[in-house]
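In: Next one to model:
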Amino acid sequence: MVNNAGKPERMMDSFKAYSTRALRNAGLIGPEAKPWSRHGSTRYLWTDEHIAKAVEYVINGQGGELPEFD
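Out: Numbers count the residues shown, from 1 in each chain. Modelled structure (predicted):
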């Protein structure tokens, strides 16, 4: 059996599940709400520059194209 614990898709799914429970418990979303898009970005961020670009996008660039991480 392959351990998928470190895969970005698995981590993203766990984060979404935990966050959804917290939002519901806080009364911020209803029981039928689906706050997340289907799937999501699972890009690898290998350098400090990649992380900085991703943070910049999350804070200021939502809705636009994702930056390139070459």
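
In: Centre of the chain to the helix or strand encompassing Glu49, how far?
Out: Element membership for Glu49, per DSSP states H and E: helix 48-60. Helix 48-60 has its C-alpha centroid displaced from the chain centroid by 13 Å (Cα atoms, centre = their mean, to the nearest Å).

In: Put the alpha carbons of that helix into PDB.
Out: Taking Å, rounded to 0.1, in the frame of the first residue of the first chain, the C-alpha atoms of helix 48-60 are listed here in PDB:
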ATOM      1  CA  ASP A  48      11.100  30.700  -1.300                       C
ATOM      2  CA  GLU A  49      10.300  32.700  -4.400                       C
ATOM      3  CA  HIS A  50       7.600  30.200  -5.400                       C
ATOM      4  CA  ILE A  51       6.100  30.600  -1.900                       C
ATOM      5  CA  ALA A  52       6.300  34.400  -2.100                       C
ATOM      6  CA  LYS A  53       4.500  34.300  -5.400                       C
ATOM      7  CA  ALA A  54       1.800  32.000  -4.100                       C
ATOM      8  CA  VAL A  55       1.200  34.200  -1.000                       C
ATOM      9  CA  GLU A  56       1.000  37.300  -3.200                       C
ATOM     10  CA  TYR A  57      -1.600  35.600  -5.400                       C
ATOM     11  CA  VAL A  58      -3.700  34.500  -2.400                       C
ATOM     12  CA  ILE A  59      -3.600  37.900  -0.800                       C
ATOM     13  CA  ASN A  60      -3.900  40.200  -3.900                       C
END
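
In: what about it, average pLDDT?
Out: The pLDDT scores in helix 48-60 average 89.

In: Same check on stretch 24-36?
Out: 93.

In: Give me the contact list for it.
Out: Under the criterion Cβ atoms under 8 Å, 6 or more residues apart in numbering, residues 16, 19-20, 23 lie in contact with stretch 24-36. The way it works is simple: take the backbone N, C-alpha and C, and place the C-beta from them, glycine included.

In: buried stuff in the helix holding Glu49?
Out: Going by neighbour count (16 or more other Cβ atoms under 10 Å), the buried part of helix 48-60 is 50, 53-54, 57.
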